[in-house]
Each structure stands twice: as C-alpha cells, then as structure tokens.
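Chemist: Return a 3D structure for these sequence lines:
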Amino acid sequence: MDERLRVAIIIGSTRDGRFGPTVAEWFAAKARRREDLEVDVVDLAEAGLPDTLSGEEGTPAPAPVRVLAPRLAAADAFAVVTPEYNRSFPAPLKTAIDWYYEEWQAKPVTFVSYGRESGGRYATDHLRQVFTELHAVAIRETVSLPCYWDLFAADGSWPKATATCNATARITLDRLTWWAHALREARIRRPYKA
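Modeler: Below you'll find the predicted structure:
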C-alpha cells in the first residue's frame, strides 16, 4: 500500500472575482512540500455540478457528478476552502457536498475559511455539522483568515511571510495527516458501513 495520503482540497466558492483559488493554492503549496501527501485541488467552479439534485432513487447521476466521484472517493482526507457569506458557507458548496455520501465517510476533513472579522468561523461551524451528518470526521484544527486582505505583502504576494496562518497551516496539516492515517488503517481493517 502506498504510504502517501491523498488530500483533496476543495474550493467552495464559485463566485466571479472569488479569492478562494488564491487561498487554496497557498494551502496546496504547503501540503505539496510534504513528502507524505499527494494533493488534488478540486475547483467547484470548474466541476460543473448541477444545482438541482436528482430526486428519485436509482436515477443515474449526471456526468459531472460521476466524473468528480472517483476523485473524492480516492481522497484519504479533505480540506474545504470556504468564504463566509451571510454567516454561513456558499450554496454551491452545500450542493456539491450533498451530491455525494460514501465518498466522505470515515475520512477527516478540515476547513480553511476566510472572511471579514470572523475569518469564516461561522461557515466552519455549519460545515462541521454537515460533515458530521455524512459520517466524516471534522478535526479540531482549522485555518481561519479574518480580514484576509490585510495579509498582502508590499510586493503584492499573499500571505505575508510573517502571517500567523503559515504556522497554523502546518499544524493543521500535521493533524489532518494523523487522522487520515488512522482512519485509512481503520477502513482497511474494518470497512465502514453507515
């Protein structure tokens, strides 16, 4: 078995002018520096998932849902990058989560949130509840980016080298990796049934 863990980093915003790809690439760059991780960045704006869920059981999933499913199923862990809109997370992210079920089960998830003064913590609180219902393990450690626009360096790069989120990202990846190993080993020994 490959010892490397596959982490899917999901960009939860699909809005025009969104900051999510910048945050996701920063977090992905931190993860790619680790020899024990393989990174897959999933951009919901590119996934093309339908806004309306299928209502009848047994109805074949639309093609975009089928295309994304193996990428999520192959992940050992997830990092959801989300803005905070009106004290919660974006509707396209909820729809994307709801298209899948078994792909999330018995896997750890963390959150990289950004927003105004709260740094996306309200969005993270809501996402914890959603992923718990899907039998995922929402880990304690997250990255929160309050007033993320203040983290630009003078040369235009983001975030500043001295920003505390750099250390927080490392700790979050350490914990996510621990949980991913533990849960992968558990799933191998005893397949998870919800």
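Chemist: tell me which element residue 29 falls in.
Modeler: Here residue 29, judged by DSSP states H and E, is contained in helix 20-32.
Chemist: Pull out the buried positions in that helix.
Modeler: Under the neighbour-count criterion of 16 or more other CB atoms under 10 Å, helix 20-32 has 20, 23-28, 30-31 buried. The way it works is simple: take the backbone N, C-alpha and C, and place the C-beta from them, glycine included.
Chemist: State the phi and psi torsions of the residue most central in space within the chain.
Modeler: Residue closest to the mean C-alpha point of the chain, counted by CA atoms, centre = their mean, is residue 80 at 1.8 Å. Phi and psi for residue 80, reported as degrees, to the nearest 10, are phi -100, psi 120.
Chemist: before we move on, back to that, export the buried residues of helix 20-32 as TSV, with columns for pLDDT and distance to residue 12.
Modeler: TSV is the format used below for those (pLDDT from 0 to 100; distance: CB to CB, whole Å):
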residue	pLDDT	distance to residue 12
20	98	7
23	98	10
24	98	9
25	98	14
26	98	15
27	98	12
28	98	14
30	98	18
31	98	17
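Chemist: re earlier: and the next helix or strand after the helix holding residue 29, which residues are buried?
Modeler: Following helix 20-32 in sequence order, the next helix or strand is strand 37-43 (DSSP H and E). For strand 37-43, burial by neighbour count (16+ other CB under 10 Å) applies to 37-39, 41-43.
Chemist: JSON lines please, covering those and showing pLDDT.
Modeler: Below are these laid out as JSON lines (pLDDT from 0 to 100):
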{"residue": "37", "pLDDT": "98"}
{"residue": "38", "pLDDT": "98"}
{"residue": "39", "pLDDT": "98"}
{"residue": "41", "pLDDT": "98"}
{"residue": "42", "pLDDT": "98"}
{"residue": "43", "pLDDT": "98"}
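Chemist: Farthest pair within those?
Modeler: 37 and 43 (18.6 Å; CB to CB).
Chemist: What separation do you get for the residue of the chain most remote from its centre and residue 148?
Modeler: Within the chain, the residue lying farthest from the chain centre (CA atoms, centre = their mean) is residue 154, at 28.9 Å. According to CB to CB, to the nearest Å, residue 154 stands 16 Å off from residue 148.
Chemist: can I get the buried residues of helix 20-32 in CSV with distance to residue 127?
Modeler: What follows is the buried residues of helix 20-32, written out as CSV (distance: CB to CB, whole Å):
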residue, distance to residue 127
20, 14
23, 15
24, 15
25, 20
26, 19
27, 16
28, 19
30, 20
31, 19
